[in-house]
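Asker: Give me the fold of what follows.
(one chain, ligands or ions: 1)
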Amino acid sequence: MEKVAEFYQLMDESATIRRIMADYYLLRMASPTQIEFLKRIAVTLDNAPRDQQGVLRLKDEQDRVVLIKDEYETSELQKDIRFFEHGEALFLNYLSEIHPGFGEELQQLCTFIGSEPYDLFFTDRDGTVNNYCGRYRSSIQPAYNAVYLSRFGKTVRQTPVILTSAPLMEDGIRELCVIPEPIYVLAGSKGGEYSTFDGPRVSRPVPDWVEKAMDSLNARIEQLLQQPANHVFTQIGSGFQKKLGETTVAYQDVFGSIPEQDSRRFVDELHRVVADVDGEGHHIRVEDTGKDLELMPTRGGGTVSHFTKGDGLRFLVNELELQVAGKRILICGDTEADLPMVEAAVALGADVSAVFVTSDKDLRGRVYETGARCEFVSTPDVLVAGLDRSASG
Ligand SMILES: [Mg+2]
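Answerer: Below you'll find the model as predicted:
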């Protein structure tokens, strides 16, 4: 493996295999061939060219070197191989080896969650029930994680929801998620769009002018990204994400993979695209996060992305006809953007329990302030293991 494109192809293959593995496992069938496939992917990754720090050195279509820190991809593959090869008890031992304090945290979390089934479950994905990956496009859910979440999801009385700010489809969470069964509703764009297992995409209505501006903007950005010099920007960090009423384009990643001048040239080109779209009578607001540009149509200062995950929860409660008042709901998150889910559920009169994956004192304080029962853990692995254990009673 030498090319970045091959890296992504490999990770996409791992998604297919992992989906099958999780499926067979939940049906209590063995899948030795799939483990071999997964091992082969791990070996290919292992043998790929690396620098002295162990960072992958791959090439884009123009033979420029792209550095990829594949810590997430490699460690999650190793975890999957252990889970399926050595069994669940030894897998938990392994998790306690790699996470100091895992056993105590797990114990405490299980006491908090309890064994009585929840009526509802809303959870964020990245950094919450899925370990954080520096590259959105290859943040494939591991199969062990899908097994754990499937088992817990089945115990929830009403449809459980995975709610993320990432887009739903076209390199969205539908492709990244390997849960094999129709247990969860997947919701993207902070809950503004969702689909059941393989059902159609449903989205909340957005004004006509937003849709027109987004179509024009996205078509131009796609053209720009098709140029060989720019294709690499789909392969780093946040990549290219078409959300509802907002588009994210990465121009750099946390590893600084892109040379400064290339990055700057691409940002200039994106600004020219925005100027062109503005020239058509739209107005696109540009927010620079330091690694990505977030582009959203605006009118009178308003944008569609003022929508929070709390609005998303409310939208889904209506759409899926969920009963919330007086019901036991578990909400999981890891950042401030997840707080509105907790607040919305409290406001809707639910009996809310919240688990946040964070050691940030301010954020912990803000979760307490919502009035929900709350618990905190240090890593997504503790959370998913705890959910699984509470599902098995
Ligand atoms: Mg998150």
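
Asker: May I have the phi/psi pair for the residue of the chain found nearest the ion?
Answerer: Ranked by CB to the ion, the top residue of the chain for proximity to the ion is Gly127, at 3.8 Å. Glycine gets a C-beta too; all of them are placed from N, C-alpha and C. Per-residue torsions, Gly127: phi 80, psi -10 (degrees, to the nearest 10).

Asker: Now do the contacts for it.
Answerer: By CB atoms under 8 Å, 6 or more residues apart in numbering, the contact list for Gly127 reads 334-335, 357, 380.

Asker: per-residue confidence at it?
Answerer: Looking at Gly127, its pLDDT stands at 96.

Asker: try Pro259
Answerer: At Pro259, pLDDT is 88.

Asker: What of Thr303?
Answerer: Note on Thr303: pLDDT of 68.

Asker: how long is stretch 131-143 end to end?
Answerer: 13 Å (CA to CA, to the nearest Å).

Asker: Next, report how far that stretch is displaced from the centre of its chain.
Answerer: 7 Å (CA atoms, centre = their mean, to the nearest Å).

Asker: In it, which residues are buried?
Answerer: By neighbour count with 16 or more other CB atoms under 10 Å, stretch 131-143 contains the buried residues 131, 133-143.

Asker: so which one among those residues has the lowest pLDDT?
Answerer: The member of the buried residues of stretch 131-143 with the lowest pLDDT is Gly134, at 80.

Asker: contacting residues for the nearest residue to that residue once chain neighbours are set aside?
Answerer: Excluding its sequence neighbours, the residue lying closest to Gly134 (CB to CB, 6 or more residues apart in numbering) is Val254, at 5.1 Å. Listed by CB under 8 Å, 6+ apart, the contact set of Val254 reads 134, 237, 291.

Asker: Quick check: Val254 is in a strand.
Answerer: No. Assessed with DSSP: H, G, I helix; E, B strand; the rest coil, Val254 is coil; it does not lie in a strand.

Asker: For stretch 213-224, buried residues please.
Answerer: 213-214, 216-218, 220-221, 224.

Asker: Equivalent analysis for stretch 163-172, please.
Answerer: Within stretch 163-172, the residues that count as buried by 16+ other CB under 10 Å are 163-168, 171-172.

Asker: Likewise for stretch 13-27?
Answerer: Neighbour counts over stretch 13-27 (16+ other CB under 10 Å) mark 13-15, 17-26 as buried.

Asker: Using a markdown table, lay out the residues you listed together with pLDDT, distance to Phe152 and secondary structure.
Answerer: A markdown table is the format used below for the buried residues of stretch 13-27 (pLDDT from 0 to 100; distance: CB to CB, whole Å; DSSP: H, G, I helix; E, B strand; the rest coil):
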| residue | pLDDT | distance to Phe152 | secondary structure |
| --- | --- | --- | --- |
| Glu13 | 95 | 27 | helix |
| Ser14 | 96 | 23 | helix |
| Ala15 | 96 | 21 | helix |
| Ile17 | 94 | 23 | helix |
| Arg18 | 95 | 18 | helix |
| Arg19 | 94 | 18 | helix |
| Ile20 | 93 | 21 | helix |
| Met21 | 93 | 18 | helix |
| Ala22 | 94 | 13 | helix |
| Asp23 | 93 | 17 | helix |
| Tyr24 | 92 | 19 | helix |
| Tyr25 | 92 | 15 | helix |
| Leu26 | 91 | 12 | helix |
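
Asker: Can you tell me which of those residues is nearest Lys309?
Answerer: Comparing the buried residues of stretch 13-27 against Lys309 with CB to CB places Ala15 closest, at 24.9 Å.

Asker: Does the closest one touch Arg174 like I think?
Answerer: No. Contact criterion CB atoms under 8 Å: Ala15 and Arg174 do not qualify, at 10.5 Å.

Asker: rewinding a little: quick one: which of the contacts of Gly127 sit in helices?
Answerer: Judged by DSSP state H, these include Pro380 as members of helices.

Asker: Please report which of the contacts of Gly127 has the highest neighbour count.
Answerer: Most neighbours among the contacts of Gly127, by other CB atoms under 10 Å: Asp334, with 25 neighbours.

Asker: can you pull the contacts of that residue?
Answerer: Counting by CB under 8 Å, 6+ apart, Asp334 touches 124, 126-128, 356-358, 380.
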